[in-house]
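Visitor: Let me see the structure of the following:
(2 chains, ligands or ions: 4)
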Amino acid sequence: MSSDADELEVSVWRGDNASGRFEDFRVPAQENQTILDVVSWIQQHRDPTLSYRYACRVGMCGSCAMMVNGVPRWTCRTHVKVALKDNRISIGPLRNLPVIKDLATDMDPFFDKWVAAEGMHHPSRTRDDAIEQINPEDASRQEANKGIECINCSVCYAACDTVAGNDDYLGPAALQRAWTLYNDAKDAGKLNILEAVSGKGGCHNCHSQGGCSHYCPNDLNPMAAIAGLKRASALSFFKGRK
Amino acid sequence: MLTVRLYMLQRITALLMAPLVLGHLAVMIYAVQGGLSAAEILGRTQGSVAWFLFYGCFVVAVSVHAAIGLRVVVHELMGLKGTLLELFTWATAAGLFLLGGRAVMAVTLS
Ligand code: HEM
Ligand code: SF4
Ligand code: SF4
Ligand code: FES
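Guide: Ligands and ions are numbered 1, 2, ... in the order given. Model (predicted):
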């Protein structure tokens, strides 16, 4: 196929977990064009049955992540020029998740692990109590702040080799959420969190290679959050509570 | 496949091994430079409680540390899990302990 600067050579995964293949398309190149624009163009002009997921198109909702030329990316904010290799792009469903169809993955395992990591609020007060005052300069608040911009896109989960090798591993996003809540003065579930992240799928399985932090589109650092959980659970271990 | 307990065991044994490795290397270099023969070395180690404890600790630490480390590797790379994974872990620990233990006995028992 000759490479035409006016057109991109795009191959898109069609199928599900059980079977599938990459299908080739030629897509008009634009000066300003995201990977999601390319996928949408194919669906609107070539094949209306192409399945994929997105909502906000501005990097807020976390629903559009896919594998682009082999690496996980948020497609609505990934410029084609950043990802293009020899005028070619391959676009596939996110790694480490079951594929429903084409580019749409089943994100249930990802969210189930958030819950398993106790990544939910454990209230410390009732509605009848006064709202707790939080000092924004507080060290633990600052630590918690580092993780709050997570958009649940699962890019880190797709990047993680430990997730690929260990089905139980909770993964970087869920563990980062656990660490955020662990540092939240308004969260009363510290021990529940430590217990949840200390099992066979817990934070101790992380090899600290940093794929998660490298690919996180929001420049978050789940690897550092996991290191925090390891420290906290080690201290707790020495104090005799597991 | 690491719980906090296995993780701590692996780190503690690693911490234990770091000075033991250095001690082992230092004594080795000292003994070689001094021109000690095997018989002279054995003469000093055999019957020595200190050397028994030094290398005994080493063998226990390696057995625990390597068994846990290899457990992670075979789980993540080869998919071994459940009872098989437990068996593998214990067999590795026991195997290393027997091998190392035999060597320690030979060198330190009089
Ligand atoms: C001073 C000596 C040693 C130190 C400080 C040390 C330290 C460590 C540490 C920190 C890890 C965890 C790595 C991770 O979780 O990603 C590890 C893993 C491991 N160690 Fe050691 N180690 C030592 C000696 C040994 C020896 C003698 C053996 C084998 C006979 C061994 C075999 C392993 C294996 C197989 C792993 C698993 C690799 C992994 O989990 O990625 N280590 N070691
Ligand atoms: S640092 Fe830990 S969580 Fe992040 S990609 Fe590596 S193993 Fe996964
Ligand atoms: S940590 Fe980053 S990559 Fe992972 S889900 Fe959150 S925003 Fe996405
Ligand atoms: S569509 Fe919402 S983050 Fe991309």
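Visitor: what's the following helix or strand after the helix or strand where A:Leu191 lies?
Guide: Assigned by DSSP states H and E, A:Leu191 falls within helix A:190-196. Downstream of helix A:190-196, the first helix or strand assigned by DSSP H and E is helix A:211-215.
Visitor: Can the next helix or strand after that following helix be said to contact ligand 1?
Guide: The element immediately downstream of helix A:211-215 (helix or strand, assigned by DSSP H and E) is helix A:222-238. No: using C-beta under 6 Å from any ligand atom, helix A:222-238 never reaches ligand 1; the gap is at least 9.9 Å. Just so you know, the C-beta spots here come from the backbone N, C-alpha and C atoms, and that holds for glycine as well.
Visitor: before we move on, the earlier item: now what about the helix holding A:Leu191, what contacts it?
Guide: Identification of contacts with helix A:190-196 by C-beta atoms under 8 Å, 6 or more residues apart in numbering or on different chains yields A:116-118, A:122, A:178, A:181-182, A:187, A:202, A:229, A:232-233, A:236, A:241-242.
Visitor: Go again with 6 Å.
Guide: The set of residues external to helix A:190-196 that reach it, using C-beta atoms under 6 Å, 6 or more residues apart in numbering or on different chains, is A:117-118, A:178, A:182, A:233, A:236.
Visitor: Of those residues, which is the nearest to ligand 1?
Guide: Among those, A:Ser233 lies closest to ligand 1 (C-beta to the nearest ligand atom), at 14.3 Å.
Visitor: Check whether A:Asp174 sits in a helix, strand or coil.
Guide: That one is not Asp; residue A:174 is Ala. Under DSSP: H, G, I helix; E, B strand; the rest coil, the three-state class of A:Ala174 is helix.
Visitor: what's the burial count for it?
Guide: As a burial measure, A:Ala174 scores 29 neighbours (other C-beta atoms under 10 Å in any protein chain shown).
Visitor: So it sits against A:Glu118, correct?
Guide: No: look at A:Ala174 against A:Glu118 with C-beta atoms under 6 Å: they stay out of range, at 9.1 Å.
Visitor: CA atoms of stretch B:64-77 as PDB?
Guide: Below are the C-alpha coordinates for stretch B:64-77, written out as PDB (Å, rounded to 0.1, in the frame of the first residue of the first chain):
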ATOM      1  CA  VAL B  64      13.000 -18.500  52.500                       C
ATOM      2  CA  HIS B  65      14.000 -15.600  50.200                       C
ATOM      3  CA  ALA B  66      14.500 -17.600  47.000                       C
ATOM      4  CA  ALA B  67      11.400 -19.800  47.500                       C
ATOM      5  CA  ILE B  68       9.200 -16.700  47.800                       C
ATOM      6  CA  GLY B  69      11.000 -15.000  44.900                       C
ATOM      7  CA  LEU B  70      10.700 -18.000  42.600                       C
ATOM      8  CA  ARG B  71       7.000 -18.400  43.700                       C
ATOM      9  CA  VAL B  72       6.300 -14.900  42.200                       C
ATOM     10  CA  VAL B  73       8.100 -15.800  39.000                       C
ATOM     11  CA  VAL B  74       6.400 -19.100  38.300                       C
ATOM     12  CA  HIS B  75       3.000 -17.600  39.200                       C
ATOM     13  CA  GLU B  76       3.300 -14.600  36.900                       C
ATOM     14  CA  LEU B  77       5.200 -16.200  34.100                       C
END
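Visitor: Which of the contacts of helix A:190-196 ranks first by neighbour count?
Guide: A:Ala178 (31 neighbours).
Visitor: what about the nearest residue to B:Leu16 once chain neighbours are set aside, helix or strand, and which?
Guide: Distances taken as C-beta to C-beta, 6 or more residues apart in numbering or on different chains place B:Ala61 nearest to B:Leu16, at 4.6 Å, with adjacent residues excluded. Using DSSP H and E, the element containing B:Ala61 is helix B:49-78.
Visitor: That helix near ligand 2 at all?
Guide: No: Helix B:49-78 lies out of reach of ligand 2 by C-beta under 6 Å from any ligand atom, never closer than 10.0 Å.
Visitor: A:Leu94: which element?
Guide: With DSSP H and E as the test, A:Leu94 turns up in no helix or strand.
Visitor: For it, the count of nearby residues, please.
Guide: 24.
Visitor: Which positions in chain A make contact with ligand 3?
Guide: So far as C-beta under 6 Å from any ligand atom goes, chain A lies against ligand 3 at A:150-156, A:172-173, A:176, A:216, A:218, A:220, A:222.
Visitor: ok, so of the residues you listed, who is nearest B:Leu9?
Guide: Closest approach between these and B:Leu9, by C-beta to C-beta: A:Pro172, at 24.2 Å.
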